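Chemist: generate a structure from the sequence data that follows.
(chains A and B)
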Amino acid sequence: MLLTFIGPIRCLSVTPDGRYIVSGSIGKEIKVLSLDKKELLHTIEDAHNDSINSVEMSKDGKYIISASNDRSIRVFDFSKRKKVYTIPDAHKENIFAALVTPNNNYIVSGSNDNVLKVFVNPYNLHALTITGINSFH
Amino acid sequence: MTSDGKYIISGSDDCSIKIFAMFKWENTYTFENIHTDWITALALSSNDKVLVSGSNDRSIKVIYLNSHEVANHYSNAHDSPISCLKITPNNKFIVSGGLDRAIKIFSISKKIKGLLHTFKDIHSGRDYELR
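Modeler: Residues are numbered from 1 along each chain as shown, chains lettered A, B, ... in the order given. Predicted coordinates for the structure are as follows:
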């Protein structure tokens, strides 16, 4: 074991309209910064239960999709800054990436468990439950 | 991945960036030793023309994909390794995050002043971890 310098900022994304930066941290928080005003606008505290490794915007700019060491993928409403969906135990290990496909239909995620998963995005197809529809080992 | 779905671009701890052609599964181009330490972040402009890379060597490089030339670089972009970066949708700016707790905005083009803004100490959280 080595004491490694990690720094709190893990990931960031720019909204499709180019007006905001969304960033995720080891401190479990998501921040929204204004690119125009150059100021911090909002903090979503305890967005996850562990380090956030990935924050990505949906192509319509309505949702933030985040992935974490807590093994969940979460969906936040960008304008309300509220969590609207959690995929608990999406993977068996730390999740390092979760992206929305350009058509907004699916969320694709990758993890230390060596599995790539595809989930139906409920905020496009209005499905009530998300299930891993496919896994690539 | 380029937006036409034809190429995969990967950055590595061997300091190189490689371009692979989808379905042909060929390495079509390699940027050798583009950085002096691990490449930690890559971002592609929405028009697939510009690639931006960030590294543990603290630098950011702007690469033109059609000529393979480094068009711009920021040698000490952060006071620490760079953990993440993106290009804004208008393809004019780079937004980068570093282990130094800063989020910075840089110009892609050399024509505009380089560092445009620094958000300092934006995030809380521990700086060290046992690994």
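
Chemist: would A:Tyr123 count as being in a strand?
Modeler: No. Going by DSSP: H, G, I helix; E, B strand; the rest coil, the assignment for A:Tyr123 is helix, not a strand.

Chemist: what's the burial count for it?
Modeler: A:Tyr123: 19 surrounding residues under other C-beta atoms under 10 Å in any protein chain shown. (Each C-beta comes from the backbone N, C-alpha and C, glycine too.)

Chemist: B:Val95: which element?
Modeler: strand B:93-98 (DSSP states H and E).

Chemist: that strand vs chain A: in contact?
Modeler: Yes. Strand B:93-98 lies within reach of chain A by C-beta under 8 Å from any C-beta of the partner chain, at B:Phe93, B:Val95, B:Ser96, B:Gly97, B:Gly98.

Chemist: that strand: what's the following helix or strand?
Modeler: Next helix or strand after strand B:93-98 toward the C-terminus (DSSP H and E): strand B:103-107.

Chemist: now that next one against strand B:93-98, angle please.
Modeler: Here strand B:103-107 points in a direction 150 degrees away from that of strand B:93-98 (axes from the mean of the first three to the mean of the last three C-alpha atoms, to 10 degrees).

Chemist: who touches strand B:103-107?
Modeler: Under the criterion C-beta atoms under 8 Å, 6 or more residues apart in numbering or on different chains, residues A:9, A:12, A:21, A:23, A:33, A:35, B:60, B:72, B:74, B:77-78, B:92-98, B:113-119, B:122 lie in contact with strand B:103-107.

Chemist: in ChimeraX, how would I select the buried members of these?
Modeler: Only the buried entries of the contacts of strand B:103-107 go into this ChimeraX selection, using 16 or more other C-beta atoms under 10 Å in any protein chain shown:
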select /A:9,12,21,23,33,35 /B:60,72,74,77,78,93,94,95,96,97,98,114,119,122
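
Chemist: can you list the strands that the strand holding B:Val95 pairs with?
Modeler: In the sheet, strand B:93-98 lines up against strand B:82-87 (antiparallel), strand B:103-107 (antiparallel) (DSSP bridges).

Chemist: returning to that earlier point: I'd like the residues of strand B:93-98 next to chain A as a markdown table, with pLDDT appended.
Modeler: Converted to a markdown table, the residues of strand B:93-98 next to chain A look like this (pLDDT from 0 to 100):
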| residue | pLDDT |
| --- | --- |
| B:Phe93 | 97 |
| B:Val95 | 98 |
| B:Ser96 | 98 |
| B:Gly97 | 97 |
| B:Gly98 | 94 |
